[in-house]
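Asks: Turn this into a model:
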Amino acid sequence: MADRLSARAALDALAGPDGFTELPAPPHPHRTDGPLGWAGYDDSRARAGERTGEQESVVCGTARIGGRAAVLVSFEFGFLGGSLGERTGDRLVAAYEHARAHRLPLVSLIATGGSRMQEGMIALTQLQRVARQSVLTRAAGLPQLAVLRDPTTGGGWATLGAGADVVLALPGAQVGFAGSRVRPADADPAAYSAEGQYAAGHVDAVVPAAELPEVLGHWLRLLAPPAEPVRPADPPAALADVPPPATGWAAVERARHPDRPRAGAYLDAYFELRMPLSGDRAGGTDPGMLCGFGLREGRTVAYAAQCGTATRPAGYRTAARLIRLADRLGFPVLTLVDTPGAANDAAAEHAGAGAAIADAFAAVAAATVPLTTLLIGEGGSGGALALAAPGNTWATPDSYFSVIAPELATAILKRPPAHAPLTADQLRLRPQDLVDLGVARGVVTPDSHEPAS
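Replies: Below you'll find the model as predicted:
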């Protein structure tokens, strides 16, 4: 079980004891024992206030984290289990409204057991209010970040938590829609943990408490509104100093070479700082797809990078999620294409490979921010094209792009396997062929400084 800090201790850990300015609590008429007249409810609230020093289960205000101003919402689990009631909803609405009025990101430090039973359906409907505020804040182009403390369950997880743009969790925190007292008796507890939710694609990172201020500071820096009009990201320079391949088969062999540079090396060389997003928010992750935001020469660029493996449905959904978030926040996108093709095993089909690839195509097609693509290895058919920027795709000299793998094309054409090199030449898949065909804008080199505009 993770350590349970009070709401203010959690705030102090991020902003320091003098760095938090609390927002005034919205006025709320008193009704004896709440909206349901639940006997003893006023006494329960009074005892909770005496124990915690708080008047409600959330504390809301502003602070600077890593030098960046943000609206902070911190839950007090000691106050009736951090539950959401009508007054909680009032405070949350006020926090969201303040964030929009002052163009600030909203960071939620969540520790809640769910909705407050003593207020019945009035408590439950606060989730609709929170969802509405989240939608309005999203439409305003402001980021929402969540930190999942122990526990994060019920409606707090299903709105403030899972509905955030970036979801971080403390190690060992209990995270799940079902709290410990209502889930099935034989349920695997690992599924209700921060680590389990990360493995299932619902959490972007599990962050030790000591590292949280720095990590949140990095995220707030990266997601700060752009200071200048958005322009395309420049394509990275090639990391391999090799001449263009002489034949199609030479291009294929070079792109498949185990020692050629991969996505991680390109991202490390391109960005001064980068923070990852993980998971498709639908129960899956793909380690062969790296997504996140990075700092490049003082400005933020979103990235989605294939790592040379067959891309899983979760990888396409994660990339689509990344592109849509970047589009909403106004950041350019860089994609690195490198896959022999989309995964096509039975598990991938069951997980919705076709729908996931279609979603990636749609995210690229709908983006209003500029996209830049660099082909860094294999470009295997539609599974690679799904992440390619129309009209702004570049290639490295150790890459190829093909409608289908030469071996498969050879088989379809009923040619002997030994004819695969000939087929590769006919497919015109070399990087210089792609430029001639108008598929790629150019071939980058180690000293390339080509603008992507």
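Asks: Run through the helices of the stretch 1-150 of the chain in chain order.
Replies: Remark: helices assigned in the stretch 1-150 of the chain by DSSP state H, counting those that start in this stretch are 7-15, 41-52, 86-101, 120-124, 126-139.
Asks: How far off centre is the shortest one?
Replies: Same thing as helix 120-124. Centroid separation for helix 120-124 versus its chain: 31 Å, with Cα atoms, centre = their mean, to the nearest Å.
Asks: Can you tell me how far the nearest residue to G380 once chain neighbours are set aside is from A388?
Replies: Residue nearest to G380 in three dimensions, not counting chain neighbours: G341, with 3.5 Å by Cβ to Cβ, 6 or more residues apart in numbering. C-beta: built from backbone N, CA, C; applies to glycine. Plainly put, G341 is 13 Å away from A388 if you go by Cβ to Cβ, to the nearest Å.
Asks: And the two? Which one has more around it.
Replies: With neighbours defined as other Cβ atoms under 10 Å, G341 and A388 compare such that A388 has more, 22 against 18.
Asks: For the residue nearest to the spatial centre of the chain, give the beta-bridge partners.
Replies: Central residue of the chain (Cα atoms, centre = their mean): L277, 3.7 Å from the mean position. With beta bridges defined as DSSP bridges, L277 has these partners: C291.
Asks: Show me what the helix or strand hosting T152 is packed against.
Replies: Using DSSP states H and E, T152 sits in strand 144-153. Applying 3 or more Cβ pairs under 8 Å, 6 or more residues apart in numbering; DSSP states H and E, we find strand 144-153 packed against strand 106-112, helix 126-139, strand 166-169, strand 175-176, helix 212-222.
Asks: try 6 Å this time
Replies: Using 3 or more Cβ pairs under 6 Å, 6 or more residues apart in numbering; DSSP states H and E, the elements in contact with strand 144-153 are strand 106-112, strand 166-169, strand 175-176.
Asks: For R317, find the nearest of these.
Replies: Closest to R317 of those, according to Cβ to Cβ: strand 166-169, at 15.3 Å.
Asks: Sheet partners, orientation included, of the closest one?
Replies: Strand 166-169 sits in its sheet next to strand 144-153 (parallel), strand 205-206 (parallel), going by DSSP bridges.
Asks: Return the distance of it from the chain's centre.
Replies: With Cα atoms, centre = their mean, you get 9 Å for strand 166-169.
Asks: do the same with stretch 16-36
Replies: Relative to its parent chain, stretch 16-36 has a centroid offset of 32 Å by Cα atoms, centre = their mean.
Asks: re earlier: need the winner for burial among the helices and strands packed on strand 144-153.
Replies: Highest mean neighbour count among those (mean count of other Cβ atoms under 10 Å): strand 106-112, with a mean of 28.
Asks: Against which helices or strands is that one packed?
Replies: Strand 106-112 packs on strand 68-75, strand 144-153, going by 3+ Cβ pairs under 6 Å, 6+ apart.
Asks: from the chain's centre, how far out does it sit?
Replies: For strand 106-112, the separation from the chain centroid amounts to 17 Å (computed by Cα atoms, centre = their mean).
Asks: what kind of secondary structure is P397 in?
Replies: Under DSSP: H, G, I helix; E, B strand; the rest coil, P397 falls in the coil class.
Asks: any idea how far D259 is from it?
Replies: Distance of P397 to D259, computed by Cβ to Cβ: 15 Å.
Asks: neighbour-wise, which of those two wins?
Replies: Legend: neighbour count by other Cβ under 10 Å for P397 and D259, higher for P397 (21 against 6).
Asks: Might one say that G81 is in contact with T112?
Replies: No: taking Cβ atoms under 6 Å as the definition, G81 is not a contact partner of T112, at 7.0 Å.
Asks: Can you list the neighbours in contact with the helix or strand F401 falls within?
Replies: Element membership for F401, per DSSP H and E: strand 400-402. Strand 400-402 is contacted from outside by 251-252, 255, 375, 379, 427, 429, 434, using Cβ atoms under 6 Å, 6 or more residues apart in numbering.
Asks: how about 10 Å then?
Replies: Here strand 400-402 makes contact (Cβ atoms under 10 Å, 6 or more residues apart in numbering) with 245, 248-256, 337, 341, 375, 377-381, 384-385, 388, 393, 395, 406, 408-409, 423-424, 427-431, 433-434, 437, 439-440.
Asks: rewinding a little: as a whole number, average confidence for the strand holding T152?
Replies: Throughout strand 144-153, pLDDT has a mean value of 97.
Asks: And it, what's buried?
Replies: By 16 or more other Cβ atoms under 10 Å, the buried positions in strand 144-153 come out as 144-153.
Asks: How about stretch 198-210?
Replies: Neighbour-count burial for stretch 198-210 flags 198-207 (criterion: 16+ other Cβ under 10 Å).
Asks: one step back: tabulate the helices of the stretch 1-150 of the chain in JSON lines, adding columns for mean pLDDT and distance to E349.
Replies: As requested, the helices of the stretch 1-150 of the chain are arranged in JSON lines below (pLDDT from 0 to 100; distance: least, Cβ to Cβ, whole Å):
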{"stretch": "helix 7-15", "mean pLDDT": "93", "distance to E349": "44"}
{"stretch": "helix 41-52", "mean pLDDT": "96", "distance to E349": "52"}
{"stretch": "helix 86-101", "mean pLDDT": "98", "distance to E349": "41"}
{"stretch": "helix 120-124", "mean pLDDT": "96", "distance to E349": "38"}
{"stretch": "helix 126-139", "mean pLDDT": "97", "distance to E349": "32"}
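Asks: out of these, nearest to F271?
Replies: helix 7-15 (24.7 Å).
Asks: Okay, now the unreliable bits of the chain?
Replies: Scanning the chain for pLDDT under 70 picks out 1-3, 17-18, 449-453.
Asks: same thing but 90
Replies: Judged by pLDDT under 90, the chain has its weakly predicted residues at 1-4, 15-19, 28-31, 177-192, 226-228, 447-453.
Asks: what number of residues lie near R100?
Replies: R100: 17 surrounding residues under other Cβ under 10 Å.
Asks: ok, now which ones touch it?
Replies: With contact taken as Cβ under 10 Å, 6+ apart, R100 is in contact with 71, 106, 133, 136-137, 139-142.
Asks: just checking, next helix/strand downstream of the strand holding T152?
Replies: Going down the chain from strand 144-153, the next helix or strand is helix 154-156, by DSSP H and E.
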